[in-house]
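> Everything below, folded, please.
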Amino acid sequence: MNKFKGFLYGIVASSTFGLLPLFTLPVMGEGLTTFSILSYRMLFASILVAVLMLIGRVSFATNLKELRWFAALGFLYYGSAALLFQAYGGMASGLATTLHFMYPVSVTIIMALVYKQRPSVVTICAIILSLVGVALLCLRESSTGVSSLLSVFLVLLSGVCYAVYLVLVSTVRRINQQNSQKLTFYVLMFSGAFFMLSALQGGGLQIIPSASAGINLLLMATLPTLLSNLALVRSVKNIGSTLTSVLGAMEPLTAIIVGILVFDESLRGLMVVGIILILVSVSLIVLSPLLDKRIAERLQCLARNKPVH
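Numbers count the residues shown, from 1 in each chain. Coordinates of the predicted model:
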């Protein structure tokens, strides 16, 4: 049951995060810069989590050791987004998104090298299918133009930051045993502080230009931030960082669907193939406990030269 909840939380986390363009594009159209948008997003989301904590009587109490971990997680969360947006300046956004979604591979490598957790055959197949699916969805722009090596490095580093974030939430006991709301509150608060510093260095935090922009920022803070991050933490706690990272492929899929339904973007043949591959990869992850068990039973029977009934 816990694993089923973990899969459900992972799908909710990535799907709601994929709604980000729905609220971001209208706000950007009103002139707000990236770091101003992200600052307001984290600020509003932190306030919303604080309200939930007060309603649920969740303690804000912490100590210096915990604050160090919260700050580190907040910096990784900030770094992942900041590096990705920085990379967009030197390469096509589709390529940048595809390279960023190499982070399930980074998670798998970290877990294998540091924690000696070898991925199953089913998980490896799901990772490959999700990477190909994301590539088919995102690499739909013209291939003209040369991506700078610096941009490639930045976007890969953004994926590594997110991978380390997931691994730490999954493996560090002081983090993993935290209340999900409390952990989310402090991570969002620290990442918001880093975004605000970047905004101030880039000319200052802009004023919200209109009521509609304010509503979009509030919705952005609620669905692809508050709900997404709470679900993400609970997913990692239940099924681990590797499986949660693969379910992240639902994020670009949701973004594509939003683009088609809301912004009248076109749906091409290869994109349909990409959608199918992502759905298959997610299905494999959800069914992985059953499939892994079945494969192990078959291997044991083959080793004993006994037929499987």
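> The lowest-mean-pLDDT helix or strand in the chain: what's the following helix or strand?
The weakest-scoring helix or strand in the chain, judged by mean pLDDT, DSSP states H and E, is helix 93-100 (a mean of 80). Note on helix 93-100: by DSSP states H and E, the next helix or strand toward the C-terminus is helix 103-115.
> Low-confidence bits of the stretch 1-150 of the chain, can you list those?
Across the stretch 1-150 of the chain, residues meeting the criterion (pLDDT under 70) sit at 1, 140-147.
> related to what we said a few turns ago, CA atoms of the least confident helix or strand of the chain as CSV?
C-alpha atoms of helix 93-100 as CSV (Å, rounded to 0.1, in the frame of the first residue of the first chain):
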residue,chain,number,x,y,z
SER,A,93,14.8,25.1,-24.9
GLY,A,94,13.8,21.7,-26.1
LEU,A,95,17.4,20.4,-26.0
ALA,A,96,17.9,22.0,-22.6
THR,A,97,14.8,20.3,-21.2
THR,A,98,15.8,17.0,-22.7
LEU,A,99,19.4,17.2,-21.2
HIS,A,100,17.9,18.3,-17.8
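> Does anything pack onto that helix? Which helices or strands?
For helix 93-100, the packing partners by 3 or more C-beta pairs under 8 Å, 6 or more residues apart in numbering; DSSP states H and E come out as helix 64-87, helix 121-138, helix 149-171. (Each C-beta comes from the backbone N, C-alpha and C, glycine too.)
> Helix 121-138 and that one, what's the angle between them?
Per axes from the mean of the first three to the mean of the last three C-alpha atoms, to 10 degrees, the angle that helix 93-100 makes with helix 121-138 is 170 degrees.
> burial measure for Ala96, as a count.
When neighbours are counted by other C-beta atoms under 10 Å, Ala96 registers 26.
> Likewise for Gly6?
Gly6: 22 neighbours (other C-beta under 10 Å).
> One more: Val107?
29.
> Include distance to Ser245 when you put the helices and strands packed on helix 93-100 into TSV, please.
Listed next are the helices and strands packed on helix 93-100 as TSV, based on distance: least, C-beta to C-beta, whole Å:
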stretch	distance to Ser245
helix 64-87	12
helix 121-138	8
helix 149-171	6
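> who's in contact with the closest residue to Tyr78 other than its chain neighbours?
Excluding its sequence neighbours, the residue lying closest to Tyr78 (C-beta to C-beta, 6 or more residues apart in numbering) is Phe194, at 3.9 Å. Residues in contact with Phe194 (C-beta atoms under 8 Å, 6 or more residues apart in numbering) are 74-75, 78, 82.
> ChimeraX command for the buried members of those?
Command for ChimeraX that selects the buried part of the contacts of Phe194, burial taken from 16 or more other C-beta atoms under 10 Å:
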select :74,75,78,82
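> Identify the farthest-apart pair in the contacts of Phe194.
Greatest spacing in the contacts of Phe194, by C-beta to C-beta: Gly74 and Ala82 (11.9 Å).
> re the thing from before, list the buried ones in the least confident helix or strand of the chain?
Quick answer for helix 93-100 (16+ other C-beta under 10 Å): 94-100.
> Tell me where the stretch 201-309 of the chain has helices.
211-221, 228-247, 250-262, 269-303 (DSSP state H, counting those that start in this stretch).
> Let me know the angle separating the second one from helix 121-138.
Following the same axes, to 10 degrees, one obtains 110 degrees for the angle between helix 228-247 and helix 121-138.
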